[in-house]
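>>> Here's a sequence, model it:
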Amino acid sequence: MKSLTLAFILLCVTTVSQAQNYYVATTGNNTNNGSLTAPWKTIQKAVSTVAAGSTINVRGGTYKEKIDFTKSGNATAGFITVQNYNGEHVIVDAAGVSGNGDNVFNLYNKNYVRIKGLEIQNATVPDNHDGAGVFIEGNADHIEVLNCKIHDITGDNAMGITVYGSHKTKAVQNLVIDGNEIYDCEPAHSEALTLNGNVRLFQITNNIVHDVNNIGIDMIGGEGTCPKASNDNARNGICSGNTVYNARAIYGGGYAAGIYVDGGDTIIIERNIVHDCDLGMEIGCENKGKTATNNIIRDNMLYNNDKRGLSFGGYDYPSTGKVQHCKFYNNTCYKNDVLHDGAGELYIEYALNCEVKNNLFYCGDQNLLLNCLQGNADGNIFNYNLYYSELPGNNHFDYDGSQYNSFSSYKSATAQDANSLFMNPLLNNPAVNNFHLTASSPGKNAGDPVFLPATGELDYYGGNRYLNNRIDIGADEYDPSERLSEQVMNTFDLKVYPAIVHESITVSFILHQDEEVLITLTDLSGKIMKLLLDQELSEGSYQYQFEVNDFIPGIYFIQVNSNQNSAVTRIVIAR
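Down below sits the predicted model:
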């Protein structure tokens, strides 16, 4: 599916002997010395000239070029960093730019390179080629792509960020892709953000991927990207805190997952949110003779996806591969299968010896909670889950070729989900995507009593994952100390919209007495990023609008505190 041919141009340049800060500006000249007062004109000149450990500070403006890295940093001197200077808005626009292959930024066999804070746009990829805003191939150690905005990469296999580990012995490793936004790209038949082949020790964190014409984020093995089969898979990494929406395939009836593992192994996928895609999250293996194994999928939120919420297994075994020894813990699936495709909230194809525990499955009017295809039940364990349908008299479970129209008949016939529940989970306010458990939720302290979360594991909302000596069901761990109970939220009636923020947010709430009100914007760690309001207010209803377009894309929380109440809600800042 993927071509590994790159137009790699080696430029003969003079290397600067001393690592330091250099500057690029639209008003510069490539005959200058690259200082702040005598900057270079192009980013290509800078990356072809500087030594390991240097920082290239790009001044604000639009740069019409494609950049081919011909230098690497190293462990001793440090990274070669290309970044926007002092927060200035830098656009790298490839529209009409020829040469340097099909990529805006091209890194082949490069180490210790960091690309940070740039807007990358307008590349056109020819048919039967692969291209990307940032393209990393070969072997690479310590590559970071941080806080970039990548959009309008169009054509055939036109991806946002692409990593191909194609070296048979040296992996792409110590890879960080964090805080980026990818949108309005045309990756079909590939993926918007993809790791493929010999790639290990990676993190894909806090990215926002949306409005793309195929899979959002993919970690792949078995496609032949690496010529040594034993190394031909993405492995030993983490995919966390990402938001994916509006990822829908333009071919094959539309089966693009927001987040997909295709033959990858030993990957932790946690605390992501996927909505309004063809499929929410899928662990699969498309290539014959390959296996996706030892992946952990936990604390994710999947809602309003067209055909499935959570899905795992090889789709046409033995013509394809299989999935085994994967664990699905504490995920929340809410009203997926919007198009009534027949897959339901949880869809299982060929999979062996997987565990599905402590998950919350809430279906809408399609009334299909579980669909495990015939012959695909070997060794899989389902238990301590919470199921619910808004039309409980018509709900059904499809399991190993049989359909059961009640939860009790399904449990009795299959011996699965012995300690699971069928009850209304009493979520806080799912109509506005608030999936917190309330104080009276049956999911509280109802997970597997011997289950212990991993060291440092958090729930989807960033809170403690283990309280009261027993884990809760679903992606949220109810914590009364956070004062997010049904009583507090209903009393305060906090509303923050939109959930996906581009420029500004609206915060509304009700006070039932005169109080001092403090509104803050915090990051995932709880650090206050901005004080939005600190004011004495009288009893009544309030609505404020706050600009947040000066923050990098990512996941944040809006917290409102008064003398009597506190409430918090999660937002995603996008661009």
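
>>> just for this structure, where's the confidence low?
Segments of the chain classed as low confidence (criterion: pLDDT under 70) are 1-19, 392-395, 481-493, 499, 524-525, 564, 575.

>>> How about the contacts made by the residue nearest the centre of it?
Centre of the chain computed as the mean C-alpha position; nearest residue by CA atoms, centre = their mean is Asn242, 2.6 Å away. Taking CB atoms under 8 Å, 6 or more residues apart in numbering, we find Asn242 in contact with 204-209, 217, 259, 272-273. Quick note: C-beta positions are derived from backbone N, CA and C, even for glycine.

>>> What is the burial count for Asn469?
Asn469 is flanked by 7 other residues according to other CB atoms under 10 Å.

>>> now swap in Gly289 and tell me
Counted by other CB under 10 Å, the residues lying close to Gly289 total 11.

>>> Next up, the contacts around the closest residue to Asp400 other than its chain neighbours.
When the adjacent residues along the chain are set aside, Asp400 lies closest to Ala377, with 4.4 Å between them (CB to CB, 6 or more residues apart in numbering). Under the criterion of CB under 8 Å, 6+ apart, the neighbours of Ala377 are 348, 399-400, 414.

>>> same deal with Gly131?
Contact analysis of Gly131 by CB under 8 Å, 6+ apart lists 101-103, 123, 125, 153, 155, 157-159.

>>> That one and Val97: what is the separation?
12 Å (CB to CB, to the nearest Å).

>>> what's the answer for Asp178, then?
If you go by CB to CB, the gap between Asp178 and Val97 works out to 27 Å.

>>> quick one, which of these two is more surrounded?
Just comparing Asp178 and Val97: by other CB under 10 Å the higher neighbour count belongs to Asp178, 20 against 16.

>>> Pretty sure that one sits against Leu193.
No: with contacts defined as CB atoms under 8 Å, Asp178 does not count as touching Leu193, sitting 11.4 Å away.

>>> quick one: common contacting residues for those two?
Shared contacts of Asp178 and Leu193, defined by CB under 8 Å, 6+ apart, are found at 204, 207.

>>> What about the contacts of Asn242, which are in strands?
Per DSSP state E, strands hold the following members of those: 204-205, 208-209, 217, 259, 273.

>>> May I ask which of these has the most neighbours?
Using other CB under 10 Å as the neighbour criterion, Val209 leads the ones in strands among the contacts of Asn242 with 32 neighbours.

>>> ranges for the helices of the stretch 451-575 of the chain?
Under the criterion DSSP state H, counting those that start in this stretch, helices of the stretch 451-575 of the chain are mapped to 486-492.

>>> Show me where the stretch 51-200 of the chain has its helices.
Taking DSSP H, counting those that start in this stretch as the criterion, the stretch 51-200 of the chain carries no helices.

>>> ok, now which ones touch Asn21?
Applying CB under 8 Å, 6+ apart to Asn21 gives the contacts 36, 54-55, 57.

>>> Also Asp459?
The contact partners of Asp459, by CB under 8 Å, 6+ apart, come to 271, 299, 330, 465, 475-477.

>>> ok, now with 10 Å
Remark: with contacts taken as CB atoms under 10 Å, 6 or more residues apart in numbering, Asp459 is in contact with 270-271, 298-299, 330, 436-437, 453, 465-467, 471-472, 474-479.

>>> do the same with Thr76
Contact partners of Thr76, counting by CB under 10 Å, 6+ apart, are 52-53, 112.

>>> Please, a ChimeraX command that selects the buried ones among the residues you listed?
Burial among the contacts of Thr76 is assessed by 16 or more other CB atoms under 10 Å; the matching ChimeraX selection reads:
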select :52,53,112
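
>>> max-length strand in this structure?
For the chain, the longest strand by residue count, based on DSSP E, is strand 528-537.

>>> next one: it to chain centre, how far?
Between the mean C-alpha point of strand 528-537 and the mean C-alpha point of its chain there is a distance of 30 Å (CA atoms, centre = their mean, to the nearest Å).

>>> List the buried residues for it?
The neighbour-count check on strand 528-537 (16+ other CB under 10 Å) flags Leu532 as buried.

>>> Over to stretch 409-428?
Under 16+ other CB under 10 Å, the buried positions of stretch 409-428 are 410-411, 414, 416-417, 420-422, 424-425, 427-428.

>>> so which of the contacts of Gly131 is the most crowded?
Counting neighbours by other CB under 10 Å, the one among these with the most is Ile153, which has 33 neighbours.

>>> give me the beta-bridge partners of that residue?
For Ile153, the beta-bridge assignment (DSSP bridges) gives partners Ala123.

>>> Quick check: it touching Asp184?
Yes: at 8.2 Å, Ile153 and Asp184 qualify as touching, with contact defined as CB atoms under 10 Å.

>>> what do these two both touch?
With contacts defined as CB under 10 Å, 6+ apart, the residues shared by Ile153 and Asp184 are 121, 160, 192, 212.

>>> Please identify, among those residues, the one with the most neighbours.
Neighbours here are counted as other CB under 10 Å. On that basis the top member of the shared contacts of Ile153 and Asp184 is Ala192, with 35 neighbours.

>>> what's near enough to touch the closest residue to that one other than its chain neighbours?
Beyond its immediate neighbours in the sequence, the residue positioned closest to Ala192 (CB to CB, 6+ apart) is Val212, lying 4.2 Å away. The neighbourhood of Val212, defined by CB under 10 Å, 6+ apart, consists of 151, 153, 158-160, 182-188, 191-193, 244-250, 256, 258, 277.

>>> what's the spacing between Val212 and Val323?
With distances defined as CB to CB, the gap from Val212 to Val323 amounts to 24 Å.

>>> Ser441 now?
Distance of Ser441 to Val323, computed by CB to CB: 31 Å.

>>> So which of these two has more stuff around it?
Val323 (30 against 25).

>>> Give the bridge partners for the more buried one, please.
Checking Val323 by DSSP bridges, which sets the bridge assignment, gives partners Ala292, Ala351.

>>> Kindly report the same for Val274.
Val244, Leu302.

>>> what's it in contact with, if anything?
Listed by CB under 10 Å, 6+ apart, the contact set of Val274 reads 209, 216-217, 242-245, 247, 257-259, 280-282, 300-305, 309-310, 336.

>>> doesn't Phe509 make contact with Val517?
Yes: the pair Val517 and Phe509 passes the contact test of CB under 10 Å, sitting 7.8 Å apart.

>>> tell me, what's touching the two both at once?
Where contact means CB under 10 Å, 6+ apart, the residues bridging Val517 and Phe509 through contact with each are 537, 542, 544, 560, 562, 565.

>>> Kind regards, and thank you for your time.
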